[in-house]
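**Q** Quick one: sequence plus predicted model below, questions after.
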Amino acid sequence: MPKTPDEILAAELKKLAVKAGKLEVGAGVVSSVANKLPVDAYTVELQFPVSAEAALREACDLLQEEGQLRDDVARPGSAPAVSAVVKSGFMGLNPAVVTVEVVPVGTAEVKVTVVGRAKEGLIKQRAGEKVARKIADQLQHRMGNRG
């Protein structure tokens, strides 16, 4: 069953709490608090002179290198997309959900939308924005040189 990015982020923060504390005692509290934290969401749109299949394959390869692919992320659209949980924030301790959506614009051109989402605490890290820009920059480097 698809999960919202909020649910995935709360679960990932709970995993970090268990890993850091070696027990699950405080993890429930972390999960409960994480559900109430606001989400920093950021979107970057790009266009590339490649087929939708090539763009999706490149996005999948990149997200697999950067994090853990997820096939259970709920999305509003029906366009082909790939999602992953990627480390972000200070020392990589703030998990982010990144979704890359690929929409064909023509036979050999696509619009790629990168959305990064991460929970924000009292200290704003803009982790969603940073991870979206990072993935977009890497896609630009990988696919921008084609043509």
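**A** Yep, that arrived.
**Q** remind me which residues of the chain are low pLDDT?
**A** By pLDDT under 70, the low-scoring segments of the chain are 1, 20-34, 145-147.
**Q** beta partners of the residue most central in space within it?
**A** With distances taken as C-alpha atoms, centre = their mean, residue 98 lies nearest the centre of the chain, 1.1 Å away. Taking DSSP bridges as the rule, residue 98 bridges to residue 84, residue 116.
**Q** Tell me who's in contact with it.
**A** By C-beta atoms under 8 Å, 6 or more residues apart in numbering, the residues touching residue 98 are 63, 66-67, 83-86, 114-117, 131-132, 135. Any C-beta I mention is one placed from the backbone N, CA and C, and that applies to glycine too.
**Q** Mind doing that once more with 7 Å?
**A** 63, 83, 84, 86, 114, 116, 131, 132, 135 (C-beta atoms under 7 Å, 6 or more residues apart in numbering).
**Q** Repeat that for residue 67.
**A** In this structure, residue 67 makes contact with 84, 85, 86, 87, judged by C-beta under 7 Å, 6+ apart.
**Q** can you list those residues in a markdown table and add neighbour count and distance to residue 37?
**A** Listed next are these as a markdown table, based on neighbours: other C-beta atoms under 10 Å; distance: C-beta to C-beta, whole Å:
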| residue | neighbour count | distance to residue 37 |
| --- | --- | --- |
| 84 | 24 | 20 |
| 85 | 22 | 16 |
| 86 | 24 | 18 |
| 87 | 17 | 17 |
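**Q** and which of these is nearest residue 109?
**A** residue 84 (24.5 Å; C-beta to C-beta).
**Q** on that earlier part again, roughly how far apart are the residue nearest to the centre of the chain and residue 44?
**A** Note on residue 98: its distance to residue 44, by C-beta to C-beta, to the nearest Å, is 10 Å.
**Q** shared neighbours, the two?
**A** Shared contacts of residue 98 and residue 44, defined by C-beta under 7 Å, 6+ apart, are found at 114, 132.
**Q** related to what we said a few turns ago, ok, the contacts of residue 98 vs residue 107, which is closest?
**A** The shortest approach to residue 107 among the contacts of residue 98 belongs to residue 114, at 22.6 Å (C-beta to C-beta).
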